[in-house]
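Here's my sequence, what's the structure:
(2 chains, ligands or ions: 1)
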Amino acid sequence: MARNLNLSQCISEALHLEMERDPQVLVIGEDVGGQGGVFGATRGLQKKYGSGRVLDTPISESAITGMGVGLALEGYRPVLEIMFVDFIGVCLDQVYNAIAKNHYMSGGKVRMPIVIKTAGGCIGSGAQHSQCLWGLFAHLPGLKVVAPSNPYDAKGLMASAVESDDPVVFIEHKGLLLKRAEDFTFGSDVPAERYTVPIGKANVVREGSDLTLVTLSGTVAPSVTAAEEALKKGISVEVIDLRSVVPLDMDTVAASVKKTGKILVVDEDYLSFGLSAEVVTRLLERKISITSVKRLAVPDVPIPGALSLEQEVVPNERSISAAIAETVGKA
Amino acid sequence: MAQEITLKDRYGYMLWMRHFELACLEGVPTREIHGELHTGVGQEAISAGMVGFLSKEDAMCSTHRNHMHAIAKGVDLRAMLAEIFEKSTGICGGFGGHMHIFDPSLKFSATGIVGAGVPVALGHAYAARLKGNQAVAVAVVGDGAVNTGAFHEAMNMAGALSLPLVVVVENNEWAISVPFSASSATETIAERAPSWRAHGIRVNGLDVEEVANAFEAALARARSGKGPSIIEAMCYRFRGHFEGDADMYRSKEEKERRRSEDPLERTKETLVARGLATLEELNEIEKSVVASISEMLASVRKDPSPSGADATRYVFAE
Ligand SMILES: Cc1ncc(C[n+]2csc(CCOP(=O)(O)OP(=O)(O)O)c2C)c(N)n1
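Numbers count the residues shown, from 1 in each chain, chains lettered A, B, ... in the order given. Next comes the predicted model:
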């Protein structure tokens, strides 16, 4: 039975358990304390662990990320919240020049066990509040990049992220955060106790034999629905939720494509130089024979303001269904 | 130009601003407006205090809470309302949405990234220097923005180069759930000004005349080459941070008390007390504003949504 929780509460539950286990875990960011996060994903933490360990900051992202580096050097495990991933531009320097590189530059002497916890995805908020950007982070060596699609994974992946000795960019989809566990068709049972979901292991959400559909985060659910619809037309779609972009679980993807011979990547991030090209290229490098390839992603445009425009560029159930039909040659 | 704007005129602008925002609120429950809508209800006296002092050559850079600033700059109301209601007739064709209003003919722009407008205003101010004209750049920000690196960097350059930059800070005392008092090393923002060789003043942002006087003085200072100013206008955000915000971080008592200090009521009382207008006259003005805006909204609602086929336009210059 699904507990009556929304996805953001599952994340807050994970953070509670991590803070309880490890006194070095800190949560720092805008509105994370008194309010418990603009989506409620840090609710109750400040009350329980105090304003020292759960710090409400001014709107000062460079200071948030920079102090995270210093705190990591002091032995803490900071969870740094950047409210929306779009705001990373303000502080990308600390993220990619320090957090991502310090372990390497120090010849492995320095660890950066930092979680950059942030919200991405489209909810009709226009070009500066709707991006996913996991491809951007994935391009920068040294960052693990996680984006859960359901409550069970969100809780378990957050536990793994906090526990990780590497920096993890943890991107929560805004369209999922306030969704109730019972409204998910997969991953809706969330144990109250601590558990982890390993970072880097994809999840076959639905098995199928005609086509491999690879996706993650907010587009997993519409992909599953589209796969159910496709089955009515005799197309059997295997849906793989990557869970993380770095590491990219190519073993799971490759095993599936060996079976189906066809690959469709559905990505809410920008199309070019990103996740979809990476997945397909790695399949080719493994010399897996592919008879059909398609990429459905945001066609290299900023996310528009009006919903009528947004729906045109962001993958949804309708466009995923069309892409499935096209990939199997039944369009 | 400023002399032409009477207190009664400013009250009229406040009415337009208030009822424009109220019209926007109508689009939220009906899902005509998606994403988070930020309105400036309660902060009208600041924008209305800026009316009449700026020409087309002066720039204004605004925020996520930009509608009233745009009205003060003279941006077309209908085109802005249509943008907010996600129509193809919107000032940006529906590509921007409510946080991203652009009107280059008036040198008006907005950004949803807190603090990011101040360096942009710095660019306008430097352009005025390069062109050798009298233009001024105005950045309007909230109190939360003053703690960003961008704000400090831009203020420092403006001071170092003595540029014509006027920063109006709408200090509504809250940045979402975090009070200004908990996030600033200084008690006021105005007192930081000298560190950037800027002039700083704190005014009552509910008093439209006080704002207008401070704004006029700051512009004069900027135009005469004396450098940047910060006007810290104290106010209160009457509604949640965005429509849908549960707003539990501010106590009921605080909200009720502060909302009772309505800048529109205050201006109305002043006008009547000074014998500049009768209550009946002012109520008539309000009625006609309400009628005009509801007509405008009804007409905007009939406009088409942008066509999906256009979604990939404008990535590069056409
Ligand atoms: C760089 C950046 N960080 C965080 C946010 C999220 N955010 C949007 S508005 C806001 C609060 C802004 O407060 P303030 O500047 O005082 O303006 P107000 O909303 O009170 O008008 C925050 C934190 C953002 N848009 N940009």
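
give me every residue that touches A:I82.
Each residue near A:I82 by C-beta atoms under 8 Å, 6 or more residues apart in numbering or on different chains is listed here: A:29, A:61, A:64-65, A:88, A:91, A:116-118. Any C-beta I mention is one placed from the backbone N, CA and C, and that applies to glycine too.

Tell me who's in contact with the residue in the stretch 151-300 of chain A positioned nearest to chain B.
As assessed by C-beta to the nearest C-beta, chain B sits closest to A:P299 within the stretch 151-300 of chain A, at 5.8 Å. By C-beta under 8 Å, 6+ apart, the residues touching A:P299 are A:271, A:313, B:312.

ok, of those, which come out buried?
Neighbour-count burial (16 or more other C-beta atoms under 10 Å in any protein chain shown) applied to those gives A:271, A:313.

which one of the contacts of A:P299 is nearest the ligand?
When those are compared for distance to the ligand (C-beta to the nearest ligand atom), A:V313 comes out closest, at 22.0 Å.

Can you get me a residue count around whichever residue of the stretch 51-200 of chain B sits closest to the ligand?
Among all residues of the stretch 51-200 of chain B, B:G142 sits closest to the ligand, at 2.1 Å; criterion: C-beta to the nearest ligand atom. When neighbours are defined as other C-beta atoms under 10 Å in any protein chain shown, B:G142 has 26 of them.

Does it touch B:V167 like I think?
No: the criterion here is C-beta atoms under 8 Å, and B:G142 misses it with B:V167 at 11.3 Å.

Can you give me the pLDDT of the residue of the stretch 151-300 of chain A closest to chain B?
The confidence metric pLDDT takes the value 97 at A:P299.

which regions of chain B lie under the pLDDT threshold?
B:1-3 (pLDDT under 70).

what about the spatially most central residue of it, helix or strand, and which?
Taking C-alpha atoms, centre = their mean, the centroid of chain B lies closest to B:H69, which sits 2.8 Å from it. Here B:H69 is covered by helix B:67-73, with elements defined by DSSP states H and E.

Over to residue 299: give its phi and psi.
Here I'm looking at chain A. Backbone torsions for A:P299, taken as degrees, to the nearest 10, come to phi -70, psi 60.

Residue 106: how many residues sit nearby?
This is for chain A. Per other C-beta under 10 Å, the neighbour tally for A:S106 reads 12.

my question was about chain B
For B:L106, using other C-beta under 10 Å, the count is 19.

if I read this right, B:L25 contacts B:E32, doesn't it?
No: using C-beta under 8 Å, B:L25 makes no contact with B:E32, being 11.0 Å away.

Of these two, which one has the most company?
Each of B:L25 and B:E32 has its neighbours counted (other C-beta under 10 Å); B:E32 has more, 18 against 14.

show me the contacts for the nearest residue to that one once chain neighbours are set aside.
Distances taken as C-beta to C-beta, 6 or more residues apart in numbering or on different chains put B:F85 closest to B:E32, at 5.4 Å, once the chain neighbours are dropped. The contact partners of B:F85, by C-beta under 8 Å, 6+ apart, come to B:27, B:32-33, B:300-301, B:303.

Buried subset of those residues as a PyMOL selection?
Buried subset of the contacts of B:F85, written as a PyMOL selection, criterion 16+ other C-beta under 10 Å:
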select buried, chain B and resi 27+32+33+300+303
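
quick one: which two of the contacts of B:F85 are the most distant?
Greatest spacing in the contacts of B:F85, by C-beta to C-beta: B:I33 and B:D303 (13.8 Å).

Contacts for stretch A:104-115, please.
Stretch A:104-115 has contacts (C-beta under 8 Å, 6+ apart) with A:68-69, A:72-73, A:77-80, A:98-100, A:102-103, A:141-142, A:158, A:161-162, A:164-168, A:170.

As a check, name the ranges of all helices in the stretch 1-150 of chain B.
Along the stretch 1-150 of chain B, counting by DSSP state H, counting those that start in this stretch, helices occupy B:7-25, B:44-50, B:67-73, B:77-84, B:117-131, B:149-160.

any idea which of those helices is most buried?
helix B:44-50 (a mean of 30; mean count of other C-beta atoms under 10 Å in any protein chain shown).

Can you give the distance of that one from its chain's centre?
8 Å (C-alpha atoms, centre = their mean, to the nearest Å).

from the contacts of A:I82, which ones fall inside strands?
Among these, the ones falling in strands (DSSP state E) are A:29, A:116-118.

which ones are touching A:A2?
Contacts of A:A2 (C-beta under 8 Å, 6+ apart): A:180-182, A:184, A:188-190.

neighbours around residue 211, how many?
Unless you meant another one, I'm taking chain A. 26.

other chain: chain B
B:V211, neighbours per other C-beta under 10 Å, totals 26.

Give the closest residue to it in space, chain neighbours not counted.
Closest to B:V211 by C-beta to C-beta, 6+ apart is B:G49, at 2.8 Å.

Quick one: name the residues of chain B near the ligand.
B:64-65, B:112-115, B:141-145, B:170, B:172, B:174-176, B:237, B:241 (C-beta under 6 Å from any ligand atom).

one more time with 8 Å
Neighbours of the ligand within chain B, by C-beta under 8 Å from any ligand atom: B:38, B:40, B:43, B:63-65, B:112-116, B:141-146, B:148, B:170-172, B:174-176, B:178, B:180, B:237, B:241.

Would you mind checking these for buried ones?
Buried, going by 16+ other C-beta under 10 Å: B:38, B:40, B:43, B:63-65, B:112-116, B:141-146, B:148, B:170-172, B:174-176, B:178, B:180, B:237, B:241, out of these.
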